[in-house]
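1. structural data only, the sequence is not supplied:
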Ligand SMILES: Nc1nc2c(ncn2[C@@H]2O[C@H](COP(=O)(O)OP(=O)(O)OP(=O)(O)O)[C@@H](O)[C@H]2O)c(=O)[nH]1
Ligand SMILES: [Zn+2]
């Protein structure tokens, strides 16, 4: 199980100046004139974009789930179609899609917005889709201690479209199951049926 140090690394904004400097160097090294008008603000813009797309490094996802409520609803709860945007750790190219989360509470529920915040905290970093999927399942399992959790993630990877094999439109689907979902094909089928609607 990952500890806080595996999640909480840095606030990108604290390194703004150095990042701008290195982006400027990259512009120069790919053959651009970093001083031409159209590029003058680019290092600062890219750095601001990094602050957004890598904002997950400033967050411990457990804090996101910090507020929970005691509630005796021990039936399936699904939060589906949560949009995420991440960067693959191999090429630093975007991949994005939807996350579907189902869980069966065992006395503790989380606010619905917290599932979306959890998705952002885990995906706004360099990632692989499989790890996003299992980290969300493990964090929910750890914090809510539910009877079970199932997570399905759909993703389109630009490193497979814009370059390399150039297979535009192919989708990757990953899943993670914990607790009762592992044992019960009926519960998995109920979850999969409801996320398709
Ligand atoms: N499993 C997994 N693979 C990913 C993900 N994102 C990117 N990749 C893959 O990471 C692999 C890196 O392969 P390498 O052979 O080291 O890199 P490459 O030469 O750029 O590979 P090609 O993309 O085949 O040109 C590629 O097959 C990517 O499609 C992800 O989220 N999960
Ligand atoms: Zn990639």
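-> Now that the structure is in, tell me what you want to look at. Here the structure is a predicted model, which is why all the values come from computation and not from measurement. Ligands and ions are numbered 1, 2, ... in the order given.
2. correct me if wrong: residue 55 contacts residue 122.
-> No. With contact defined as Cβ atoms under 8 Å, residue 55 and residue 122 do not form a contacting pair (11.5 Å). In this view, the C-beta of every residue, glycine as well, is placed from N, C-alpha and C.
3. more neighbours, the two?
-> The neighbour comparison of residue 55 against residue 122 (other Cβ atoms under 10 Å) goes to residue 122, with 24 against 16.
4. could you look up the SS state of residue 174?
-> Residue 174 carries the three-state label strand when classified by DSSP: H, G, I helix; E, B strand; the rest coil.
5. oh, that last question was meant for residue 84, not what I typed.
-> Put simply, residue 84 is strand when judged by three-state DSSP.
6. how deep is the closest residue to it other than its chain neighbours tucked in, by neighbour count?
-> Closest residue in space to residue 84, ignoring its immediate chain neighbours: residue 123 at 4.2 Å, by Cβ to Cβ, 6 or more residues apart in numbering. Other residues within reach of residue 123 by the criterion other Cβ under 10 Å amount to 27.
7. now do the contacts for residue 123.
-> 56, 84-86, 99, 132 (Cβ atoms under 8 Å, 6 or more residues apart in numbering).
8. just the buried subset of these, please.
-> The neighbour count (16 or more other Cβ atoms under 10 Å) marks 56, 84, 86, 99, 132 as buried among the contacts of residue 123.
9. and which of these is nearest to residue 78?
-> Each of the buried ones among the contacts of residue 123 was checked against residue 78 using Cβ to Cβ; the closest is residue 99, at 11.3 Å.
10. quick check: that closest one touching residue 82?
-> Yes. The pair residue 99 and residue 82 qualifies as a contact (Cβ under 8 Å) at a distance of 4.4 Å.
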